[in-house]
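A.B. asks: okay, predicted coordinates and the sequence, questions at the end:
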Amino acid sequence: MRNLKHLPQPNPCRPRVALRRGAATLDFVLVLGMLLPIAGLCVYLGGTIIKLAYEMICVLVSWPFM
């Protein structure tokens, strides 16, 4: 059996968040680097997207009557 005395033992007084220091940074980079540009693009193109969706619905509704 291995000798596990050299491994650090968890401290019950220390919060678990301190063990995951890098996860919050990665989430922050994900939001800033990917989600905000996608959201900005959707806001910028939102009017065009709504207009095209409206035209598509109008074509689908009027198609049987043509």
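C.D. replies: On my side now, so go ahead.
A.B. asks: lowest-confidence helix or strand of this structure?
C.D. replies: Ranking every helix and strand in the chain by mean pLDDT, DSSP states H and E puts helix 21-30 at the bottom, with a mean of 78.
A.B. asks: could you point out which element follows that one?
C.D. replies: Per DSSP states H and E, helix 21-30 leads on to helix 36-44 as the next helix or strand towards the C-terminus.
A.B. asks: how about that next one: buried residues?
C.D. replies: When burial is assessed from 16 or more other CB atoms under 10 Å, helix 36-44 yields no buried residues. Backbone N, C-alpha and C define where each C-beta goes, glycine included.
A.B. asks: likewise for stretch 52-60?
C.D. replies: In stretch 52-60, counting by 16+ other CB under 10 Å, buried: nothing.
A.B. asks: state the mean pLDDT of it.
C.D. replies: Here stretch 52-60 scores 94 as its mean pLDDT.
A.B. asks: with just CA atoms, put that stretch into CSV.
C.D. replies: The C-alpha coordinates for stretch 52-60 follow below in CSV (Å, rounded to 0.1, in the frame of the first residue of the first chain):
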residue,chain,number,x,y,z
LEU,A,52,-36.8,38.0,-42.3
ALA,A,53,-38.7,35.9,-39.9
TYR,A,54,-41.9,38.0,-40.5
GLU,A,55,-41.4,37.7,-44.3
MET,A,56,-41.0,33.9,-44.0
ILE,A,57,-44.2,33.5,-42.0
CYS,A,58,-46.1,35.7,-44.5
VAL,A,59,-44.8,33.5,-47.3
LEU,A,60,-45.8,30.3,-45.5
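A.B. asks: got the angle for the least confident helix or strand of the chain vs helix 36-44?
C.D. replies: 30 degrees (axes from the mean of the first three to the mean of the last three CA atoms, to 10 degrees).
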